[in-house]
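# Sequence first, then the predicted structure:
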Amino acid sequence: MSYCVNCGVKLEQSLTACPLCLTPVINPKELQTVPSASPFPAAKGEIETVKKRDLAIWMSLVLGATSLSCFVLNLTVYQGSRWSYPVIGACGLLWVLLLPLMFSDIVTWKAALICDATAIIAYQYMLSLLTPTQYWFFRLALPITLWTFFLWGLCVLLYKKVSRALLATALYFFMVTGLLCVGIELLIRQYAGQTFLITWSAIVFSVCFVICVALLAILSLAGLRNTVRKRLHF
Ligand SMILES: [Zn+2]
């Protein structure tokens, strides 16, 4: 066994330089020998990526075990209320929301959107069954969820079918945000029995409207669009 003359680290016989300080290794007895292969592997090892199917099984097991343990606890130890129902519902909801991630090769965006909306509405309905009145679900939660998913679907549809450019995506985003806020305010006012007009959402809508007009102008004027692209480097 030999040692580095500079830093004293132990050296493999095959090394031609110290792996720590890179000092060349010269063995006077072996000056004529041909350098042998390096003791370290030449190819970089790669960790196998997690398979989506395995991830799906793992997620299902974790969420299933959480639901089951909460249900059993609710039945046996903490029996005061039906507290495990929201937890089980949340696990189910999370599972549905994660489905497109786990099966992105089979689930289309439309199916994912409908699944997510249905799961969220079902969860809200289940929560409403645990409260004294279901009025808030039918008059507030359900319309807001439907409106949000309608606009989200519209946004994705425009992105998929019209244009995927950055400026166009920004246009969809601001358009949908303005409409979403107006819808939410109107639905809240209608639920609370207030007059049917918009206040705070009018400001959001106006700002979004100005941004949309500016973006539309950039998108429709080719010269302006190219200038913006060059200035912002995209
Ligand atoms: Zn050394």
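Yes, it's here.
# from here on, contacts and neighbour counts on C-alpha atoms
Noted.
# so where do the helices sit in this protein?
52-76, 84-102, 109-130, 135-136, 142-161, 166-192, 200-220, 222-232 (DSSP state H).
# Counting by contacts, list what the second one packs against.
Translated: helix 84-102. Packing contacts for helix 84-102, counted by 3 or more CA pairs under 8 Å, 6 or more residues apart in numbering; DSSP states H and E, involve helix 52-76, helix 109-130.
# ditto for the fifth one
In terms of contacts (3+ CA pairs under 8 Å, 6+ apart), helix 142-161 is packed against helix 109-130, helix 166-192.
# And the last one, what does it pack against?
Right, the one you point to is helix 166-192. For helix 166-192, the elements it packs on are helix 142-161, helix 200-220, judged by 3+ CA pairs under 8 Å, 6+ apart.
# any idea how the protein splits into domains?
Using automatic domain parsing, the domain ranges for the chain come out as 1-32, 51-131, 135-234.
# Tell me which of those domains lies nearest to the ion.
domain 1-32 (4.0 Å; CA to the ion).
# Return the most buried member of the helices and strands packed on helix 84-102.
Neighbour counts (mean count of other CA atoms under 10 Å) averaged over each of the helices and strands packed on helix 84-102 peak at helix 109-130, with a mean of 17.
# That one vs helix 142-161, what angle?
Our comparison of helix 109-130 with helix 142-161, counting by axes from the mean of the first three to the mean of the last three CA atoms, to 10 degrees, yields an angle of 170 degrees.
# now the angle between helix 84-102 and helix 109-130, please.
180 degrees.
# on that earlier part again, just put the helices and strands packed on helix 142-161 in a markdown table and tack on mean pLDDT.
Compiled in a markdown table, the helices and strands packed on helix 142-161 are given as follows (pLDDT from 0 to 100):
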| stretch | mean pLDDT |
| --- | --- |
| helix 109-130 | 91 |
| helix 166-192 | 93 |
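# Redo the ones you listed as TSV? Include distance to the ion.
Formatted as TSV, the entries for the helices and strands packed on helix 142-161 read as follows, by distance: least, CA to the ion, whole Å:
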stretch	distance to the ion
helix 109-130	58
helix 166-192	53
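# between the helices and strands packed on helix 84-102, which gets nearest to V162?
The closest approach between V162 and any of the helices and strands packed on helix 84-102, judged by CA to CA, belongs to helix 109-130 at 15.6 Å.
# Now do that closest one: everything it contacts.
82, 86, 89-90, 93, 96-97, 99-100, 134, 136-137, 141-142, 145-146, 149, 153 (CA atoms under 8 Å, 6 or more residues apart in numbering).
# mind saving the C-alpha coords of that helix as CSV?
Extracted in CSV, the C-alpha atoms of helix 109-130 (Å, rounded to 0.1, in the frame of the first residue of the first chain):
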residue,chain,number,x,y,z
TRP,A,109,-57.9,17.0,-19.6
LYS,A,110,-61.7,17.1,-20.0
ALA,A,111,-62.2,14.0,-18.0
ALA,A,112,-59.8,15.3,-15.3
LEU,A,113,-61.8,18.6,-15.1
ILE,A,114,-65.1,16.8,-14.8
CYS,A,115,-63.7,14.4,-12.2
ASP,A,116,-62.3,17.2,-10.2
ALA,A,117,-65.4,19.3,-10.3
THR,A,118,-67.6,16.3,-9.4
ALA,A,119,-65.3,15.4,-6.5
ILE,A,120,-65.2,18.9,-5.1
ILE,A,121,-69.0,19.3,-5.4
ALA,A,122,-69.5,15.9,-3.7
TYR,A,123,-67.2,16.8,-0.9
GLN,A,124,-69.0,20.1,-0.3
TYR,A,125,-72.3,18.3,-0.4
MET,A,126,-71.0,15.8,2.2
LEU,A,127,-69.9,18.6,4.4
SER,A,128,-73.3,20.3,4.1
LEU,A,129,-74.9,17.1,5.3
LEU,A,130,-72.9,17.5,8.6
